[in-house]
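Chemist: Structure for the following, please:
(one chain, ligands or ions: 1)
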Amino acid sequence: MSDNLHQLRCFGCGARIDGAEAQPDFRCVSCGDLFEVEYPGWSERGGHDRPNPGALKWLWRERRCSSDALDHSGVWRFRELLPILENFDNAVTLFEGNTPLYQLKRAAKALGIEQLFAKHQGMNPTGSFKDTGMTAAMSVAKERGFEWVACASTGNTSAAMAAYAARAGLKCLVLIPDGKIAWGKLSQAMDYGAVTCQLKTDFDGCLRLLTEIVKEEPICLLNSVNPYRLEGQKTPAFEIAEAFDWNVPDHLIVPGGNLGNSSALGKGFRELRELGLVARMPKISVIQAAGANPLVRSFREHQATALEPVEAHTRATAIRIGNPASWRKAVRAIQESGGWCLDVTEAEIAIAKAELGTEGLGCEPASAVTLAGLKKLCAEGKIASSETVVLLLTGHTLKDADYTIEFHKGTLLKDEEVLGHETKIAGLQRNAVGVEATSDAVLGAMKGTVG
Ligand code: F0G
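Modeler: Residues are numbered from 1 along each chain as shown. Prediction:
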C-alpha cells in the first residue's frame, strides 16, 4: 500500500495535478503561479483518510520514546500530516526537528510581555531551519529517481541541500551570489561535496538562472518553490502547538526572505486548525530587513496585491532577497492569521542579536530580525502584555561568526547607522581584550580596569 495521499494545487488558478506531473520549475503551465501540496482525503469529515486528532496527538507523543529511526526525526514523527512519499522508508533524514523552545525572561521583562519564547531552528543538523524542508524535498527527489539536485541560495539552503544529498547519495549543484554569503555556510556546502558555483549576481539572479537550467537537464530544483520543502517546514508549527499542549501561542514572529518559511508555518497551523487539532491559528508576523523589504512595501503601497522587486542590501545576508518567490503564500498566512509585516534597520538587527546573546541564545542576524520586529510591534501597541509570543530563530550563530565579531569590535555598523543607538550598542559590546599573561592583568580585565 502506498503512503502517498497528496496532489498539487496551483495557488493562482486552483488547477490540480498529480505530484509527478509537476514541471521542473514547479510552476503552473496555465498561470505560472506556484503549487502547494494538498491532501484531498482530508476534506471529507469522517472520510477514510481524514486523520483523527486525538489519536494523532497520542501517537506523536508515543513516538518520542520509539526506537524506530524515522520517529527520531521531528519532521517524520508527524508523517501522517505529510503523506508525500510512496513509502516512508524512502525518507532521507539526519534526525532534524525536535528543536528547543526557550523562554526569554529578560527580553520579556524589558518589553512588558508575560510569556516570550524562542523556537530555535538553528539547532537543526546543519544549523538552520532549512533541514526540516530539505528532508521532505530530498526524499521526494530520491524516490522519483533524480541523480542531481540543485538550489540557488544565500547559504543555508545550500548547506542543508548538500548534507541531505550526501546522505541520499545524490549529486548536487549550488548557485550562490559571489561574496555575499557567510563563510560558515559556504564551508558546509564544500564539506558535503556540492558542486558550488559563485555567480556574479544576487540571489534572485541565481534563482532565475537555475530555473532555466532545470528546464534543460533532469535536475530536481530544491528551492522553496518546490512545494515539498514547505511540507517539511510546516512541522515546527506542529512542534510549537504540541509544546503548548495544543493551545497555540497568540503570536508567531518569523523572518522574511524568499518567504517560503512564513508560508509553510501558515500552512502548518491552518492544517492543524482544519483537522481539529487546535482551535485557532496564531497571528503570524513577518519581519524583513529595511534594505530588503519588498513585502513590507507591497503591504504599504499595494495592499499586498502586487509586489515590486527591490535591489536588496542588508548585512543579514540570509535574507538579502529582493524578489521573493512565495510572497503570495506569505500574504495569505499574514492576512488570515491577523499578523503584520514590517521592517527593521541594520542597527536594530545587530542590537537584537546581541540581546539574544545575553540570554545565552546565539543566532544569525537574519533570525534576530524577529526580536527587533517584536520591539517595534510592542512600541506600536500591537501586542498586549498578556499575549504569548514565539520568535522563530532560523539559523545558528556560528553560521556567520564574522558578523558577531565585527559587532563587538565596533566595525560592523557605519556611524550614520549607529546614530541614536550609541549607548545601547556600547552596553552590549564585549570585544576580546589583549592582556599580559599575569593574574593581576587578567583580574584587572575582569573588573574592567584593562582593555
Ligand atoms: N533566516 C535564515 C537564517 C535564512 O537562511 C533564510 C533564508 C531566512 C531566514 C528566510 O526564510 O526565505 O523562507 O523567507 N535563506 C535562504 C537560503 C533563502 O538560500 O538559505 P525564507
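
Chemist: Just the local confidence number for residue 311, please.
Modeler: Per-residue confidence (pLDDT) for residue 311: 97.

Chemist: quick one, what contacts it?
Modeler: The neighbourhood of residue 311, defined by CB atoms under 8 Å, 6 or more residues apart in numbering, consists of 202, 322. To be clear about C-beta, it is placed using only N, CA and C from the backbone, and glycine gets the same treatment.

Chemist: can I assume it sits in a strand?
Modeler: No: assessed with DSSP: H, G, I helix; E, B strand; the rest coil, residue 311 is coil; it does not lie in a strand.

Chemist: can you map out the helices along the stretch 201-350 of the chain?
Modeler: Per DSSP state H, counting those that start in this stretch, the stretch 201-350 of the chain carries helices over the ranges 203-216, 227-233, 235-243, 260-274, 294-302, 327-337, 346-358.

Chemist: just how off-centre is the fourth one within its chain?
Modeler: Going by CA atoms, centre = their mean, to the nearest Å, the spacing between the C-alpha centre of helix 260-274 and its chain's C-alpha centre is 13 Å.

Chemist: got it, and stretch 351-364?
Modeler: 17 Å.

Chemist: tell me how far the ends of that stretch are from each other?
Modeler: 12 Å (CA to CA, to the nearest Å).

Chemist: how close does the residue in the stretch 1-150 of the chain positioned nearest to the ligand sit to residue 166?
Modeler: Residue nearest to the ligand within the stretch 1-150 of the chain: residue 128 (5.3 Å; CB to the nearest ligand atom). Distance, residue 128 to residue 166, using CB to CB, to the nearest Å: 16 Å.

Chemist: The two - which one has more neighbours?
Modeler: Under the criterion of other CB atoms under 10 Å, the comparison of residue 128 against residue 166 puts residue 128 first, with 29 against 17.

Chemist: one step back: dump the residue contacts of the residue of the stretch 1-150 of the chain closest to the ligand.
Modeler: Going by CB under 8 Å, 6+ apart, residue 128 touches 121, 122, 156, 159, 160, 364, 394, 395, 396, 399.

Chemist: Show me the shaky parts of this protein.
Modeler: Where the chain drops to pLDDT under 70, the residues are 45-47, 449-451.

Chemist: In it, what residue spans correspond to strands?
Modeler: Under the criterion DSSP state E, the chain carries strands at the ranges 7-10, 16-17, 35-38, 101-103, 115-120, 148-152, 171-177, 195-199, 219-221, 251-255, 283-289, 341-344, 388-393.

Chemist: Show me what from the stretch 101-250 of the chain comes close to the ligand.
Modeler: Residues of the stretch 101-250 of the chain that fall close to the ligand, judged by CB under 6 Å from any ligand atom: 128, 130, 153, 154, 155, 156, 157, 224.

Chemist: now with 5 Å?
Modeler: 153, 154, 156, 157 (CB under 5 Å from any ligand atom).

Chemist: for the second one, phi and psi?
Modeler: Pointing back at residue 154 there. phi -90, psi 10 (degrees, to the nearest 10).

Chemist: now it: how far from residue 13?
Modeler: For residue 154, the distance to residue 13 equals 30 Å [CB to CB].

Chemist: neighbour count winner among the two?
Modeler: residue 154 (25 against 11).

Chemist: Could I get the contacting residues of that one?
Modeler: Here residue 154 is in contact with 176, 177, 180, 181, 185, 203, 257, 317, 318, 319, 320, 321 (criterion: CB under 8 Å, 6+ apart).

Chemist: same deal with residue 6?
Modeler: Residues near residue 6 by CB under 8 Å, 6+ apart: 19, 37, 38, 39, 83, 84.

Chemist: if we can go back for a sec, closest to residue 288 out of the contacts of residue 154?
Modeler: residue 319 (6.7 Å; CB to CB).

Chemist: Any chance of CSV for the contacts of residue 128, columns neighbour count?
Modeler: Listed next are the contacts of residue 128 as CSV, based on neighbours: other CB atoms under 10 Å:
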residue, neighbour count
121, 28
122, 25
156, 31
159, 32
160, 34
364, 32
394, 29
395, 32
396, 21
399, 30
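
Chemist: Among the residues you listed, find me the one that's closest to residue 275.
Modeler: residue 121 (23.3 Å).

Chemist: returning to what we had before: which one of the helices of the stretch 201-350 of the chain is the most hemmed in?
Modeler: helix 227-233 (a mean of 29; mean count of other CB atoms under 10 Å).

Chemist: helices or strands next to that helix in the packing?
Modeler: With contacts defined as 3 or more CB pairs under 8 Å, 6 or more residues apart in numbering; DSSP states H and E, the packing partners of helix 227-233 are strand 35-38, helix 130-143, helix 260-274.

Chemist: The last one packs against which elements?
Modeler: By that I understand helix 260-274. Contact analysis of helix 260-274 by 3+ CB pairs under 8 Å, 6+ apart lists helix 227-233, helix 235-243, strand 251-255, strand 283-289, helix 327-337 as its packing neighbours.

Chemist: how much does the shortest one deviate in direction from strand 388-393?
Modeler: I take that to be strand 251-255. 20 degrees (axes from the mean of the first three to the mean of the last three CA atoms, to 10 degrees).

Chemist: Indicate whether strand 251-255 makes contact with the ligand.
Modeler: Yes: Strand 251-255 reaches the ligand (CB under 5 Å from any ligand atom) through residue 255.

Chemist: how about that strand as CSV, C-alpha atoms only?
Modeler: Output of strand 251-255 as CSV, limited to C-alpha atoms (Å, rounded to 0.1, in the frame of the first residue of the first chain):
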residue,chain,number,x,y,z
HIS,A,251,1.7,35.4,18.1
LEU,A,252,4.5,33.9,16.0
ILE,A,253,7.2,36.1,14.5
VAL,A,254,9.2,35.0,11.6
PRO,A,255,12.0,36.5,9.4
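
Chemist: From the chain's centre, how far out is it? Work that out for me.
Modeler: Strand 251-255 has its C-alpha centroid displaced from the chain centroid by 10 Å (CA atoms, centre = their mean).

Chemist: tell me the angle of it relative to helix 327-337?
Modeler: 160 degrees.

Chemist: which residues sit against strand 251-255?
Modeler: Applying CB under 8 Å, 6+ apart, the external contacts of strand 251-255 come out as 240, 261-262, 265, 269, 282-288, 316, 318-319, 339, 366-367, 369-370, 373-374, 377, 383, 387-392, 394.
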